[in-house]
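Undergrad: Mind looking at a prediction? Sequence and model below.
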Amino acid sequence: MNPDEPEGVRLQKVLANAGVASRRVVEQYIVEGRIRVNGIVVSELGRRIDPEHDLVDVDGTAVQLDTSRRYVMLNKPTGVVSSMKDEKGRADLRGFTAEWPERLYNVGRLDAETSGLLILTNDGDLAHVLAHPSFGVTKVYIAKVDGRVTPQTIARLTKGIELEDGPIAADKARLLDASGSVRDGGSSLVELTLHSGRNRIVRRMLSAVGHPVTELVRRQFGPLHLGTLPAGKTRELTKIELGALLTLARRDSPADASPGGAQTDTQENE
């Protein structure tokens, strides 16, 4: 390497390669003060960075500079375990990753009988932070339960209940629907928002208030929404979704969450 050559890569080139905008547009962003590197606003058009170590955001939204990283949303169907290789021979996640050349892993877990939003990625650092207990990413679930849930029960869930492994309270809870007669017990749809990653926490909370779960789906993970993605289908995150996820992870990354390998499927089980 020529010692007279400047180190790093021009910011315009890096962001253009990342798909943010053309080099000319990126230059305009710099002039307008819309780009930060490691939290500091860039003011020089000739700024060079180290894409492997520097953190860049545009308009406050984080940008992934490593184009080899893949981020996929899966609507996990019931009957599938949250593992890339199940030792008992049950249906696992490998069937949903075949179309991508990268080796993807799941961020956290959903029980086999629970469906819904699961993130698959080869970004080990991001996966580790999002699954770390200190991170407390917010998740939204919709549960179909036995019995007619009352407003008093909803209040109990948000006020807090005692479980065998300690107290727990939902961040939010609301009754979406109640059907059936009082005589036959009926059923209800309840939406719970939690940041806890404790084992089977949604099922245990609702069972503790007298309403066992019969169906459970995770609709939201942090800033990501399942939307209309059908069960058993996958799609890559949009740039907006990825930016929101990376911004959240960089802002709230716990100090003791040292990066590890990408496989994080043993850290969380809803």
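TA: Arrived safely, thanks for sending. Numbers count the residues shown, from 1 in each chain.
Undergrad: What confidence value was assigned to the residue nearest the centre of the chain?
TA: Closest to where the C-alpha atoms of the chain average out (C-alpha atoms, centre = their mean) is Phe221, at 4.3 Å. Note on Phe221: pLDDT of 94.
Undergrad: Would you indicate which residues of stretch 109-127 are buried?
TA: 109-112, 114-127 (16 or more other C-beta atoms under 10 Å). Placement of C-beta: from N, CA and C, glycine included.
Undergrad: Then stretch 98-112?
TA: Leu104, Tyr105, Asn106, Val107, Gly108, Arg109, Leu110, Asp111, Ala112.
Undergrad: end-to-end on it?
TA: 20 Å (C-alpha to C-alpha, to the nearest Å).
Undergrad: Please compute how far it lies from its chain's middle.
TA: Offset of stretch 98-112 from its chain centre (C-alpha atoms, centre = their mean, to the nearest Å): 13 Å.
Undergrad: Run through the helices of this structure in chain order.
TA: 11-17, 23-31, 124-131, 151-159, 201-208, 239-252 (DSSP state H).
Undergrad: winner for burial among those helices?
TA: Highest mean neighbour count among those (mean count of other C-beta atoms under 10 Å): helix 124-131, with a mean of 23.
Undergrad: Now that one - C-alpha only, PDB.
TA: Presented in PDB, the C-alpha positions along helix 124-131 are these (Å, rounded to 0.1, in the frame of the first residue of the first chain):
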ATOM      1  CA  GLY A 124     -24.100 -12.000  14.500                       C
ATOM      2  CA  ASP A 125     -23.600  -8.700  16.300                       C
ATOM      3  CA  LEU A 126     -27.100  -7.500  15.700                       C
ATOM      4  CA  ALA A 127     -28.600 -10.800  16.500                       C
ATOM      5  CA  HIS A 128     -26.700 -10.900  19.800                       C
ATOM      6  CA  VAL A 129     -27.800  -7.500  20.900                       C
ATOM      7  CA  LEU A 130     -31.500  -8.000  20.000                       C
ATOM      8  CA  ALA A 131     -31.600 -11.400  21.900                       C
END
